[in-house]
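*Asks:* let me see the structure of the following:
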Amino acid sequence: MRVVLISGASRGIGEAIARLLHARGFGVGLLARDGERLKALAQELGERALPLPGDVRRLEDWERAVRTLEEAFGRLDALVNNAGIGVMRPLEELGEEEFRQVLEVNLVGPFLGLKAALPALLASRGVVVNIGSLAGKNPFKGGAAYNASKFGLLGLMGAAMLELREKGVRVVNVLPGSVDTGFAGNTPGASWKLSPEDVARAVLFTLEMPEGALVSEIELRPTRTG
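*Replies:* Predicted structure coming up:
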């Protein structure tokens, strides 16, 4: 059995990833701040699902999550850095604390997750999947903080991919366009957008690739526009 740790697993894309991978036989570690929601999701999924309440901005929370999974399942095969927040404001309205918070969750969080999981992933010759965004390549008005975090994520994980692939760890960036979730205050229900399950299927694809092949980046767009 392969084991995966998913951040931001309490809702949206992270929950969809957890449901799909669990259905495919993975052991899943569910990391997010909403402990009650994680507990309910783990109970619904049943065996092979562990709630791991924690904050991605804290290295000790990541380390505890990795340790708990190794104690429960004996291994860790994949890390999915999915947790993210979005604050969309014009620059003159964007506060320093908001800017720092977006970078802490969207950029520092994945770095800490990689640091905590890397020893286990080196042992299992595992995979790191980062849920980035097309906003990591395409800036937009009001997106200064979010764009900066996602551009930075591509730089961070691009370097990690080059460093780690020869050590047996594959690093993959999945870059969705508009996804139909409540992210950044959006109201779900836009039928033209990607579904969370679409992103989950892209993650599963990367995890099912043979060990000798690396899909380093996937751009995922809806076929329609709003």
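
*Asks:* need the longest helix for this protein.
*Replies:* Longest helix in the chain, counting residues (DSSP state H): helix 144-164.

*Asks:* in it, which residues are buried?
*Replies:* Residues of helix 144-164 classed as buried by neighbour count (16 or more other CB atoms under 10 Å): 144-154, 156-157, 160-161, 164. For every residue, glycine as well, the C-beta is placed using N, CA and C.

*Asks:* can you tell me the closest non-neighbouring residue to Val108?
*Replies:* Nearest non-adjacent residue to Val108, counting by CB to CB, 6 or more residues apart in numbering: Arg57, 6.3 Å away.

*Asks:* so who does that neighbour touch?
*Replies:* Glu104, Val105, Val108, Gly109, Leu112 (CB atoms under 8 Å, 6 or more residues apart in numbering).

*Asks:* for the residue located most distally from the centre of the chain, phi and psi?
*Replies:* In the chain, the residue that sits farthest from the middle, by CA atoms, centre = their mean, is Glu92; the gap is 29.8 Å. Backbone geometry at Glu92, expressed as degrees, to the nearest 10, gives phi -70, psi -20.

*Asks:* how much space separates it from Phe111?
*Replies:* 29 Å (CB to CB, to the nearest Å).

*Asks:* quick check: Val128 is in a strand.
*Replies:* Yes - counting by DSSP: H, G, I helix; E, B strand; the rest coil, Val128 falls inside a strand.

*Asks:* what's the neighbour count on it?
*Replies:* Here the count is done by other CB atoms under 10 Å, and Val128 has 24 residues near it.
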